[in-house]
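Visitor: The following block contains a protein sequence and its predicted model.
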Amino acid sequence: MTTPASRIVMQPASVTPGRERWWVDVLRGRYELARLVEEAVSRERGIRDVGANSVTSRVLVLFDASLSSEDVERIVRRAVENALTVEKGRANSAARASGVALGGATGTFAAGVLLSRAFIGPAVFSLPVLVGAGVLVTSVVIVVRSWSETHWAHKQKQAIVLENYSGPIQRHPFEHLLAIAKRYRRRFIVAAVCSSLTRILDLTPSVLLGFAVTILAGGPSSFLAGLGFATVASQLWVISGVSALSWIIESGIQYYASITWRNLGQSVQRDIRVAVYAHVQRLGLGYFEDERTGDLASIINDDVNQLQLFLNEGANHFVHVLTNLLIMGPLFYLVAPSIAWIAVLPIPVIVWISFNFEKWTAESFALAREKSAIVSGQLVGNLDAIATIKTYSTEAYEVERIRKLSDEYKDSYNESDEIAARFTPMVRAAILFAFSGTMVVGGYEVLGGRVAPGTYASIISMTHKFVWPLSTLGDAIEGFERAVAALSRALGLLDIPVAVDLGTEPLPAGSVRGEIVFDHVEFSYQPGRPILSDFSMRVPAGKTTAIVGSTGAGKTTIIKALLRLYEIQDGHITIDGVNVSDIRLPDLRRAIGYVSQDVFLFDGTVHENITYGSFDALDHQIEEAALLAEADAFIRQLPNGYDTVVGERGVKLSGGQRQRISLARAILKDPPVLILDEATSSVDYETEAAIQLALEHVSISRTVIIIAHRLSTVRHADVIYVLGPSGRVEEEGRHDELLALNGIYASLWRVQSGLAVSHGAG
């Protein structure tokens, strides 16, 4: 049932220039509809990016200055209306296609019968042959039609990508998977062959059962008698021994196949996780600002795990079913063609259910994975913010929020599990028909003398082994769909274009003088809201340069542009006359030591955090860097000195201690360019004075850039640049020169000096 366009409810969730988020009620729980909306909106002019979420029913739109908020609302509403129309049309087309496929299968089968009669003769009209041919043709038509629909849908998605994006084409997740798994081709073949052999060996007891019944009903077998086993008892012992031997061999091969599949799952899972993580690390910093860390962690870890779960069991089930169809089916016709047609009759029904089951469950499992990521993301966020939660006494609120999200997650998986659970009963009904029919028809054949009792016993046993494994297809399909939904999210990350050009010009750190020039640089995070406007600045080599200004003036943005964490929109940035966009990115960042105002420490020892990025440093070098950063004294007072574990994000240390360890890390790197972004903001005045004294030694023959609010930090700099609110340099000079100008810097100095005096008097 579709929603009329007139009843679509849209409400703005957040509206900022260039970025809007809308609530669209009809998207909730409709994964495919959300994808259609994404495709439709992305085709509109002025749209930079779009994301539609069927879990939260929100649509995020990033757009340029050519569009207004009203334009965006109109675009989204039109996209939803068109998506609803397409969804309805697809449902109608699917119904028509089913009729066409059935008619095509019938016509093909009828033509085959007529041609066979004309060129071969009426013998082909025997019931077993007719049924077998009909089963084969119908099954092939169903498979080809289903594959064609999937292939055509992917081609349409590729066409949309081609129309709107000039980068790499988005591939089907399993194209990525096949590319990664290619190196394990031999192991895949070995695992598949072993799985097939177990199914073939599983036929041995059925064949031997027929021998045993024949011997008991009609006397000793001449074949076994010729081998020296003349009595019935001895022949039964032989049959029993061969059966036991086949069971032992089958068990051994099954064990090896199981181990091989599991090892393959672990290996491929590892490669995918590493490949996805490596690609995500190369994405621009702006991508991470629009994504939740918990969501990405859930995708890279939990979603990738779904593939291993599928390869552990599901792939083995698929090989078993395929072996049944290719080996046991023809064997039926060789042994007892008058009975075999009953056993194969349900195959088209099971094939049709299986392929349609994929469509029924795909959206459900994709939706469940999205909700799983939301729960994971919220948990990660809450654990990161545990101190804030405790200080505001919001534990009960957060528990309730997790409970609600978990309920949504549970309901989503219950729905997908309910859909999955319908598969097995439907398949078992078809299996019951085949098994019961074989018993009845086979019984009449035995009574009529057309089939021997031993053959009948073998056929009944083989029928059970032939059709019963099809009931496991439900579990295999479920695992397959979970893997597809998970891989679509995980491997879809590989299709996100890496906007950063890695550069080609080498920059050996030993040859860097450190002269940095910003030449008419333009940069904005959002269209129409420039942070740096016609920004120009020269940082002399081997000198200390300071950048000061009010909050939001773009001081940190300058450094991020220099490090190419963001790409500027216009102008040039050079180091020693070479454009930074041409320099190999690893070389550029190795030449720059950066101490951020947002210090991050890893959950490891003090030693490991200082040596991060300089892993081969010697102990005396580490201690020297810590001394220069005024960190050695407090480190030695820690319980285990340099081997003290600092906790996640350095939670066991104070802000000033974390900042000094970060400074020691940058000093140990020994870069030709050192950048300190509010590097002393969390230390007291005494420690700051000590660090400044140490920096006088560090800055010798080195380019140093200091960003600071506290002007006492920069008063001895060789040149100070003062940024205005417009993102331009308003003043420049040494400390005394800027005070003499009696401008922005002088005003800031008076305010801070007055605050300092007032604070000291108090």
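Guide: Now that the structure is in, tell me what you want to look at. Numbering: from 1, shown residues only.

Visitor: Now do the helices in the stretch 451-600 of the chain.
Guide: Counting by DSSP state H, counting those that start in this stretch, the stretch 451-600 of the chain has helices at residues 453-467, 473-490, 555-562, 585-590.

Visitor: Worst mean pLDDT among those?
Guide: Note on the helices of the stretch 451-600 of the chain: lowest mean pLDDT is at helix 473-490, with a mean of 69.

Visitor: a markdown table for the helices of the stretch 451-600 of the chain, including mean neighbour count and distance to L309?
Guide: For the C-beta atoms, the positions are set from N, CA and C on the backbone; glycine is no exception. Shown next, in a markdown table, are the helices of the stretch 451-600 of the chain (neighbours: other CB atoms under 10 Å; distance: least, CB to CB, whole Å):
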| stretch | mean neighbour count | distance to L309 |
| --- | --- | --- |
| helix 453-467 | 21 | 26 |
| helix 473-490 | 23 | 6 |
| helix 555-562 | 22 | 40 |
| helix 585-590 | 17 | 37 |
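
Visitor: so which of these gets nearest S234?
Guide: Proximity to S234 (CB to CB) singles out helix 453-467 among those, at 17.9 Å.

Visitor: Only C-alpha atoms, please: export that closest one in PDB.
Guide: C-alpha atoms of helix 453-467 as PDB (Å, rounded to 0.1, in the frame of the first residue of the first chain):
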ATOM      1  CA  PRO A 453      12.600 -53.900  -3.400                       C
ATOM      2  CA  GLY A 454      16.300 -53.100  -3.000                       C
ATOM      3  CA  THR A 455      16.200 -50.300  -5.500                       C
ATOM      4  CA  TYR A 456      13.000 -49.000  -3.800                       C
ATOM      5  CA  ALA A 457      14.800 -48.900  -0.400                       C
ATOM      6  CA  SER A 458      17.800 -47.000  -1.900                       C
ATOM      7  CA  ILE A 459      15.500 -44.500  -3.600                       C
ATOM      8  CA  ILE A 460      13.500 -43.800  -0.400                       C
ATOM      9  CA  SER A 461      16.800 -43.200   1.500                       C
ATOM     10  CA  MET A 462      18.200 -41.100  -1.400                       C
ATOM     11  CA  THR A 463      15.100 -39.100  -1.600                       C
ATOM     12  CA  HIS A 464      15.500 -38.100   2.000                       C
ATOM     13  CA  LYS A 465      19.100 -37.200   1.400                       C
ATOM     14  CA  PHE A 466      18.200 -35.400  -1.800                       C
ATOM     15  CA  VAL A 467      15.400 -33.200  -0.700                       C
END
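
Visitor: Show residues contacting it.
Guide: For helix 453-467, contacts defined as CB atoms under 8 Å, 6 or more residues apart in numbering pick out 202-203, 205-207, 209-215, 217, 324, 328-329, 331-332, 335-336, 339-340, 343, 346, 430-431, 434-435, 438-439, 442-443, 445-446, 451.

Visitor: any idea how far the helix or strand containing I675 is from the chain center?
Guide: Using DSSP states H and E, I675 falls within strand 673-677. Relative to the centre of its chain, strand 673-677 is centred 35 Å away, using CA atoms, centre = their mean, to the nearest Å.

Visitor: Show me what the nearest residue to V729 once chain neighbours are set aside bridges to in the sheet.
Guide: Nearest residue to V729, sequence neighbours excluded (CB to CB, 6 or more residues apart in numbering): Y721, at 5.2 Å. Bridge pairing for Y721 (DSSP bridges) gives the partners I547, E732.

Visitor: For the stretch 401-550 of the chain, which segments count as strands?
Guide: For the stretch 401-550 of the chain, applying DSSP state E, counting those that start in this stretch gives strands covering 516-526, 529-539, 544-549.

Visitor: quick one: S68 from E20, how far?
Guide: Distance of S68 to E20, given as CB to CB, to the nearest Å: 10 Å.

Visitor: what about the two, which has more around it?
Guide: E20 (20 against 11; other CB atoms under 10 Å).

Visitor: residues in contact with whichever strand or helix holds the more buried one?
Guide: Using DSSP H and E, E20 sits within strand 19-24. Here strand 19-24 makes contact (CB under 8 Å, 6+ apart) with 8-15, 37, 52, 57-63, 69, 72-73, 76, 80, 526.

Visitor: if we go to 7 Å?
Guide: Here strand 19-24 makes contact (CB atoms under 7 Å, 6 or more residues apart in numbering) with 10-14, 57-62, 69, 72, 76, 80, 526.

Visitor: just the CA coordinates of stretch 479-488, formatted as PDB?
Guide: Output in PDB follows, covering the C-alpha atoms of stretch 479-488 (Å, rounded to 0.1, in the frame of the first residue of the first chain):
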ATOM      1  CA  GLY A 479      23.100 -15.800   6.500                       C
ATOM      2  CA  PHE A 480      23.600 -14.700   2.900                       C
ATOM      3  CA  GLU A 481      21.200 -11.800   3.300                       C
ATOM      4  CA  ARG A 482      22.700 -10.700   6.500                       C
ATOM      5  CA  ALA A 483      26.100 -10.900   4.800                       C
ATOM      6  CA  VAL A 484      24.800  -8.900   1.800                       C
ATOM      7  CA  ALA A 485      23.300  -6.200   4.000                       C
ATOM      8  CA  ALA A 486      26.500  -6.000   6.100                       C
ATOM      9  CA  LEU A 487      28.800  -6.000   3.100                       C
ATOM     10  CA  SER A 488      26.800  -3.300   1.300                       C
END
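
Visitor: quick one: contacts for the residue nearest to E515 when sequence neighbours are not counted?
Guide: Of all residues not flanking E515 in the chain, A541 sits nearest, at 4.0 Å (CB to CB, 6+ apart). Neighbouring residues of A541 by CB under 7 Å, 6+ apart: 513-515, 703.

Visitor: Find the residue at the geometric middle of the protein.
Guide: Geometric centre of the chain, nearest residue: A490, 1.5 Å, by CA atoms, centre = their mean.

Visitor: Does the closest residue to that residue other than its chain neighbours fall in a helix, a strand, or a coil region?
Guide: Excluding the flanking residues, the one nearest A490 by CB to CB, 6+ apart is D303, at 4.4 Å. Following DSSP: H, G, I helix; E, B strand; the rest coil, we place D303 in the helix state.

Visitor: Show me what counts as buried in stretch 11-21.
Guide: Neighbour-count burial for stretch 11-21 flags 18-21 (criterion: 16 or more other CB atoms under 10 Å).

Visitor: do stretch 589-607 as well
Guide: Residues of stretch 589-607 classed as buried: 589-597, 599, 601, 604-607 (neighbour count, 16+ other CB under 10 Å).
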